[in-house]
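Peer 1: this one's structure only:
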């Protein structure tokens with residue numbers, strides 16, 4: 001397998017010793033994307049807006065690897081409050097109207113930079 005590092009200015013830069021994504025021959029592993037706007041490093045306060053921004057970041061990284069949202073086969077959502085699950089689902093589903101990828105959601109006690117949401121993904125090209 002050839003390992004390729006994927007990077008794009010259309011998603012936030014890594015804030016630690018990791019890559020935005022690593023691609024193999026046909027698979028892209030997208031690191032957890034915080035809801036940070038890459039243009040101004042701002043983070044929305046509303047959880048729905050955070051889901052939107054995290055998904056935009058995930059898709060930007062997948063696009064940098066040569067794919068689209070349709071290539072995403074699995075997402076992992078890390079959320080700080082399971083009581084916002086319904087609101088998160090409502091926003092998340094806007095990105096996958098048909099043939100949604102496999103997914104998991106877990107509640108965590110904290111996320112970097114005080115985010116309420118972080119989303120990672122696997123895409124097949």
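Peer 2: Here it is on my side, so go on. Keep in mind it's a predicted model, so treat the numbers as computed, not measured.

Peer 1: drop to CA atoms for contacts and neighbour counts, all remaining ones
Peer 2: OK.

Peer 1: Ramachandran coordinates for residue 28?
Peer 2: phi -120, psi 130 (degrees, to the nearest 10).

Peer 1: just checking, residue 103 is part of a helix?
Peer 2: No. Per DSSP: H, G, I helix; E, B strand; the rest coil, residue 103 lies outside any helix segment and is strand.

Peer 1: Could you find the closest non-adjacent residue to it?
Peer 2: In space, and not counting its chain neighbours, residue 103 is closest to residue 75: 4.8 Å by C-alpha to C-alpha, 6 or more residues apart in numbering.

Peer 1: if I pick that neighbour, what's in contact with it?
Peer 2: Listed by C-alpha atoms under 8 Å, 6 or more residues apart in numbering, the contact partners of residue 75 are 101, 102, 103, 104, 119, 120, 121, 122.

Peer 1: can you rerun that using 6 Å?
Peer 2: Applying C-alpha atoms under 6 Å, 6 or more residues apart in numbering, we find residue 75 in contact with 103, 120, 121.
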